[in-house]
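K.L.:
I would like the atomic coordinates for the input below:
(one chain, ligands or ions: 1)
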Amino acid sequence: MNETLKVLETRRSCRNFKPDMVKDEELKAIIKAGTYAATGMGKQSPIIIAVTDKALRDEISAENRKIGGWDEGFDPLYGAPVILIVLADKEVPTHVYDGSLVMGNLMNAAESLGVASIWIHRAKEEFDSDFGKNILKKLGVEGDYEGIGHCAIGYAAEPAKDPVPRKADYVYYI
Ligand SMILES: Cc1cc2nc3c(=O)[nH]c(=O)nc-3n(C[C@H](O)[C@H](O)[C@H](O)COP(=O)(O)O)c2cc1C
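P.N.:
Residues are numbered from 1 along each chain as shown. Modelled structure (predicted):
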């Protein structure tokens, strides 16, 4: 199996991260891979907000926890020190597909570098609210953006679990 196929097959979601910051060159390479995802008509509808600031990361975790309905003390980002938030321009009809492919690129690029990752949901609710809109405003992002997902990344604190078997009726050949 070539290296790319190995990465695609062995990537697993991490739910226990070390607090150590991701090395800058790794972070940049992962983000760059995200920006090279295919997009409908090449419109590049997504944007990526790379959060490395601990205070903001903790605020996002708290907001995400509230949206998810969990009790205080639970970290829905599982201790990950870096959050790559993918949003996409609602004006573009393929924006959700575009943003999802960026998420896939980020996770697989991370895996290729030995950096663990997980897709954390509820970005839509976060960025539909004033909480998210204020983050965009501070960054000077204009336009109507939908939150697609948070790609939480960092170094794994424990080995990845084996994948569950693929369902028998996943593929149909004709
Ligand atoms: C759209 C999407 C949303 C997800 N949201 C969450 C989430 O909020 N929290 C979480 O722990 N895992 C989340 N996951 C991770 C999935 O649970 C995980 O990908 C799935 O169980 C398969 O495991 P694997 O990634 O190790 O193959 C999400 C995955 C996707 C694709």
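K.L.:
so how far is Phe74 from Asn105?
P.N.:
The gap separating Asn105 from Phe74 is 28 Å, by C-beta to C-beta, to the nearest Å. Any C-beta I mention is one placed from the backbone N, CA and C, and that applies to glycine too.
K.L.:
neighbour-wise, which of those two wins?
P.N.:
Asn105 (21 against 13; other C-beta atoms under 10 Å).
K.L.:
the more buried one against Lys32, yeah?
P.N.:
No: using C-beta atoms under 8 Å, Asn105 is not in contact with Lys32; the gap is 9.4 Å.
K.L.:
just the element for the residue nearest the centre of the chain, please.
P.N.:
By C-alpha atoms, centre = their mean, the chain has its centre lying nearest to Cys151, at 1.6 Å. Cys151 is part of strand 145-154, with elements assigned from DSSP states H and E.
K.L.:
buried sites along that strand?
P.N.:
Neighbour counts using 16 or more other C-beta atoms under 10 Å place 145-154 of strand 145-154 among the buried residues.
K.L.:
show me what that strand is packed up against.
P.N.:
helix 24-35, strand 82-89, helix 95-112, strand 116-120, helix 123-128 (3 or more C-beta pairs under 8 Å, 6 or more residues apart in numbering; DSSP states H and E).
K.L.:
contact partners of the next helix or strand after the first one?
P.N.:
Read that as helix 24-35. Next helix or strand after helix 24-35 toward the C-terminus (DSSP H and E): strand 46-51. For strand 46-51, the external contacting residues (C-beta atoms under 8 Å, 6 or more residues apart in numbering) are 27, 31, 34-35, 37, 39, 57, 60, 82-89, 95, 98-99, 102, 106, 135, 139, 141, 145, 148.
K.L.:
no more questions from me, cheers.
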